[in-house]
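[1] Model the structure of this input:
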Amino acid sequence: MRAQAWAGLAVAVLLAACTREPSTPATPNPAAGRTPIVTISADQAVSPVPAWQPPAIAVDEANAKALKSRADAALAAGQLYADADSAIPLYYALLQYAPNDVKVAAGFERALAMLIVQGDQALDGIDDDPLQLRGAHEAAAVARAVAPENKKVGAYLQRVDRADQAQEANRLGEGELNAGRIGEDGKGGALGYFREALELRPGDVRASQGIAAAESALIRRAEVAADRDDYAGAERWLALAAQVRPKMSTAADAQGRIATQRAARVGRLRDLGLAALPRPRGIEEARVLLANLLRIAPSGDPAAVELRERIELATHYGLFRPGQAFTEAMQSGGRGPTMVVIPHGAFRMGAEAEEAGSSDAERPTRNIRFDRGLAVSRTEITVGEFRRFMNATKHRARASRRGYSTAYDERSGNLVRRGNVDWQSDYAGAKAGDDLPVVHVSAKDAMAYAAWLSKQTGHHYRLPSEAEFEYMLRAGSAQAYPWGEGAPLTRVGNLTGALDASPTGRRWNNAFAGYGDNAWGPAPVGRYRANAFGLHDIAGNVSEWVGDCWHDSYRRAPRNGEAWVNPGCRTRVLRGGSWASSPAQTRSAWRQGSDADTTSARIGFRVVRDI
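    As a prediction, this is how the structure comes out:
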């Protein structure tokens, strides 16, 4: 292989160049210090060739003919200049004796031409064997000594001189490469010398190997930068490497390798960040990993986008997403109620003084912000869901212990006390279907159910706070009603509508004009469309217990939206309109206090789960 002779040298130079940090390139002077004959390198030394002196050969009339025969024989044998029996010394001596001898002159020209051919062959062989440069110099020394004025000799001497200059340029280039001065800025350095060598001697393998080594050194710098996560630096070095041999794919291949490495590194950081999120203080750990990822990832990298979004979600929603619906397995078997994750956000709680039907209990208005989302039961807790709790525990519901509750009386059209009515009963005291919202439950019954869910699932279930309830009821609305102002234009829930009628034809005296929902008493949960947060029946069907104690205003209320609880308080808060609530009691800001032991056909509850 043509490049084999320089392979060891090129590898040595390349390794030396690749292990050095980039340094400021010097500005070389390619013409400085040139001599016609040079040493090639420390490990490929070529000693200088001394000037050639033709051996002394005495020619006279007696031996001239014999010497001619010896010269012709030496020429035929290709013995050109090694000793006094070689062709050139013999012809040269004969010409000195008989300068006009045509046959001698012709023999001398043939010998000289053969010498030049051998010299050119030696020059051509430099790429395979650097020591052949000595043979070229020996031929040059002979030619220069015997025919300095010959044009062919002059041309050959020029070729030898260019080969010398090319080798000197190569030597200087290798020195620059070893010193880390590649010349990537186009101002000399190793590349400048190697390119000069190629200009002097096109196809010079040593120079080509040097250029390849310079390219590899730049690529190695890119790899070192990539190993340090400096991919911007790696791109700069690769761009420079790509200019060294633009027709070769070496730099592009390296760019592909580094891109793969970068993608793997980015993916690894993303995976570590995602894995950290569920752990304690995992969000902080993930943010550190995201910062590292953003430092090395290309702009808009999908892995960075994904981790940023997941951190944002984890900050506000833990392992959930807004709008996500889920159920959780319970220790006793089966699954808990369907929960919906509502988004974090802010709203203005309460009613302004000019809001029709409002009271001072709904003031002063205040801004509440929730920095974390919340999981809310999609519907009110049903009779069937509450039955599982009652069957699994020794809890005795308040209405069962007391023996009565407040139920609807169709004959009078009022809510009246009725015996043998409890959580298993519907609004009128009859047996309730499992898909109806459980009613005739006290605040304490509702809290006991939430505590049981917490024990069953291993997660914290509770009643919502007032602030949470109004936030989820409004679902982004700032008007008096969740749907806007005045009577709803579409069927939004189980409300008191002027078009509704009881089983015997009774009508509401105080109802939304022009509205009807085909229900009298609580409807099965989820019959009406969900609000913007994905929650059903929150603006109607039944009013719901929340976790707060009753206070007659919001003065001194918590600013963080948590339940306002006083130890030992007996009066709790009801929120949200019911199937039998007046329009004023269906407003988003409406609130009412009631004894914690109250049970009624109008009151149920739903639960929330911290996430």
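[2] for the stretch 451-600 of the chain, what spans make up the strands?
    461-462, 543-549, 571-575, 591-595 (DSSP state E, counting those that start in this stretch).
[3] Just name whatever secondary elements the longest one is in contact with.
    Based on contacts counted as 3 or more Cβ pairs under 8 Å, 6 or more residues apart in numbering; DSSP states H and E, the elements that strand 543-549 packs against are helix 443-457, helix 466-474, strand 571-575, strand 603-604. All C-beta atoms are positioned from the backbone trio N, CA, C, and that covers glycine.
[4] Next, format these as TSV and append distance to Ala596.
    Output for the helices and strands packed on strand 543-549, formatted as TSV (distance: least, Cβ to Cβ, whole Å):
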stretch	distance to Ala596
helix 443-457	4
helix 466-474	15
strand 571-575	5
strand 603-604	11
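[5] Comparing the ones you listed, which comes out most buried?
    Neighbour counts averaged per stretch over these are highest for strand 603-604, at a mean of 28; criterion: mean count of other Cβ atoms under 10 Å.
[6] To Glu223, which of the helices and strands packed on strand 543-549 lies closest?
    With Cβ to Cβ as the measure, helix 443-457 is the member of the helices and strands packed on strand 543-549 nearest Glu223 (51.7 Å).
[7] between the closest one and strand 571-575, how big is the angle?
    80 degrees (axes from the mean of the first three to the mean of the last three Cα atoms, to 10 degrees).
[8] shaky segments in this structure?
    Counting by pLDDT under 70, the chain contains low-confidence residues at 1-47.
[9] the strands in it, which residues?
    Using DSSP state E, the strands assigned to the chain run over residues 325-326, 339-342, 345-349, 366-370, 374-377, 404-409, 414-419, 461-462, 543-549, 571-575, 591-595, 603-604, 608-609.
[10] nearest to Ile219, of those?
    Smallest distance to Ile219 across the strands of the chain (Cβ to Cβ): 49.8 Å, for strand 339-342.
[11] Run me through the strand neighbours of that closest one, direction for each.
    Neighbouring strands of strand 339-342 in its sheet, by DSSP bridges, are strand 325-326 (antiparallel), strand 374-377 (antiparallel).
[12] most packed of the strands of the chain?
    Once neighbours are counted as mean count of other Cβ under 10 Å, the most buried of the strands of the chain proves to be strand 603-604, having a mean of 28.
[13] any residues touching that strand, and which ones?
    Contacts made with strand 603-604 from outside it, assessed by Cβ atoms under 8 Å, 6 or more residues apart in numbering, are listed as 380-381, 437-441, 522, 541-545, 574, 578, 594.
[14] Listing partners with orientation, what would you give for that strand?
    Strand 603-604 pairs in its sheet with strand 543-549 (parallel), by DSSP bridges.
[15] so the partner strand versus helix 466-474, what angle?
    150 degrees.
[16] Tell me how far strand 543-549 lies from the chain's centre.
    Here strand 543-549 is found 45 Å from its chain centre; the criterion is Cα atoms, centre = their mean, to the nearest Å.
[17] and if you look at stretch 448-466?
    Relative to its parent chain, stretch 448-466 has a centroid offset of 38 Å by Cα atoms, centre = their mean.
[18] ok, Ala259 to Ala234 distance?
    Relative to Ala234, Ala259 is positioned 10 Å away (criterion: Cβ to Cβ, to the nearest Å).
[19] now Ile311
    In this structure, Ile311 lies at 27 Å from Ala234, with Cβ to Cβ as the measure.
[20] When those two are compared, which one has more neighbours?
    Legend: neighbour count by other Cβ atoms under 10 Å for Ile311 and Ala234, higher for Ala234 (26 against 21).
[21] before we move on, the earlier item: looking at the strands paired with strand 339-342, which is closest to Arg417?
    Using Cβ to Cβ, those put strand 374-377 closest to Arg417, at 29.2 Å.
[22] So what touches that closest one?
    Outside strand 374-377, the residues within contact range by Cβ under 8 Å, 6+ apart are 320, 326, 337-342, 344, 464, 468, 472, 533, 535, 606-611.
[23] ok, now stretch 429-436?
    Counting by Cβ under 8 Å, 6+ apart, residues outside stretch 429-436 touching it are 382-384, 387, 407, 418, 420-421, 424-426, 438-439, 522-525.
[24] Same check on stretch 68-76?
    Contacting residues not belonging to stretch 68-76 are listed as 80, 85-87, 90-91, 94, 103-104, 107, 110-111, 114 [Cβ under 8 Å, 6+ apart].
[25] Just the buried residues of those residues.
    Neighbour counting by 16 or more other Cβ atoms under 10 Å classes 80, 85-87, 90-91, 94, 104, 107, 111, 114 among the contacts of stretch 68-76 as buried.
[26] Let's see which of these end up in helices.
    Judged by DSSP state H, those include 87, 90-91, 94, 104, 107, 111, 114 as members of helices.
[27] Take those residues and lay them out in TSV including distance to Leu133.
    Formatted as TSV, the entries for these read as follows, by distance: Cβ to Cβ, whole Å:
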residue	distance to Leu133
Ala87	23
Leu90	27
Tyr91	26
Leu94	31
Val104	32
Gly107	28
Ala111	22
Met114	19
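[28] Among those, find me the one that's closest to Gln53.
    Distances from Gln53 to these, taken as Cβ to Cβ, are shortest for Leu90 (14.9 Å).
[29] Any figure for the gap between that closest one and Ile57?
    Counting by Cβ to Cβ - Leu90 and Ile57 are separated by 6 Å.
[30] what's the overlap in contacts for the two?
    The overlap between the contact sets of Leu90 and Ile57 (Cβ under 8 Å, 6+ apart) consists of 67, 84.
[31] Just flag the most distant two among the contacts of stretch 68-76.
    Asp85 and Lys103 (18.9 Å).
[32] Name the residues of stretch 58-75 that are buried.
    59, 64, 67-68, 70-72, 74-75.
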